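Asks: Structure here, sequence nowhere to be found:
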């Protein structure tokens, strides 16, 4: 597990197809991280997780800036997570 700033730096060289991130975390939150990675890798699929009510306000601010993210409520089963990744990107088939 890495923090948001490290994920953005890693995305410069790894070029991810999918980002899975918790929304609420120290430093850059998952939404900010997703926005920065999407600037670097526009086709990167962003899937966020949250179990906290504060997420609603953060998502609304991102939407006002033109960003849309898929959000999954925690806890999430591994089977559900795999199904979401398959449906969104064609991976893990």
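Replies: Cool, the structure landed. All values derive from a computational prediction rather than experimental measurement.

Asks: Tell me the backbone dihedrals of the residue nearest to residue 34 when sequence neighbours are not counted, please.
Replies: Once flanking residues are discounted, residue 34 sits nearest to residue 46: 4.0 Å by C-beta to C-beta, 6 or more residues apart in numbering. The C-beta positions use only the backbone N, C-alpha and C, and glycine is treated the same way. The phi/psi pair for residue 46 (degrees, to the nearest 10) reads phi -110, psi 120.

Asks: Flag every buried residue along stretch 66-80.
Replies: 69, 71-72 (16 or more other C-beta atoms under 10 Å).

Asks: Pipe those residues into TSV and attach distance to residue 12 per row.
Replies: Below are the buried residues of stretch 66-80 laid out as TSV (distance: C-beta to C-beta, whole Å):
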residue	distance to residue 12
69	20
71	25
72	26
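
Asks: For those, give me a markdown table that also has pLDDT and distance to residue 5.
Replies: Converted to a markdown table, the buried residues of stretch 66-80 look like this (pLDDT from 0 to 100; distance: C-beta to C-beta, whole Å):
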| residue | pLDDT | distance to residue 5 |
| --- | --- | --- |
| 69 | 78 | 18 |
| 71 | 79 | 21 |
| 72 | 81 | 23 |
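
Asks: Those in helices, which ones?
Replies: Counted as lying in helices by DSSP state H, out of the buried residues of stretch 66-80, is not a single one.

Asks: Out of those residues, which is nearest to residue 55?
Replies: Nearest to residue 55 among these, counting by C-beta to C-beta, is residue 71 at 6.9 Å.

Asks: which ones are touching the closest one?
Replies: Residues in contact with residue 71 (C-beta atoms under 8 Å, 6 or more residues apart in numbering) are 23, 48-50, 55, 59.

Asks: Residue 33 too?
Replies: 4, 7-8, 19, 21.

Asks: Just those: which are in helices?
Replies: 4, 7-8.

Asks: Please indicate which of these are buried?
Replies: Buried subset of the ones in helices among the contacts of residue 33 (neighbour count, 16+ other C-beta under 10 Å): 4, 7-8.

Asks: Reformat the residues you listed as JSON lines; add distance to residue 29 and pLDDT.
Replies: What follows is these, written out as JSON lines (distance: C-beta to C-beta, whole Å; pLDDT from 0 to 100):
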{"residue": "4", "distance to residue 29": "7", "pLDDT": "93"}
{"residue": "7", "distance to residue 29": "11", "pLDDT": "94"}
{"residue": "8", "distance to residue 29": "12", "pLDDT": "96"}
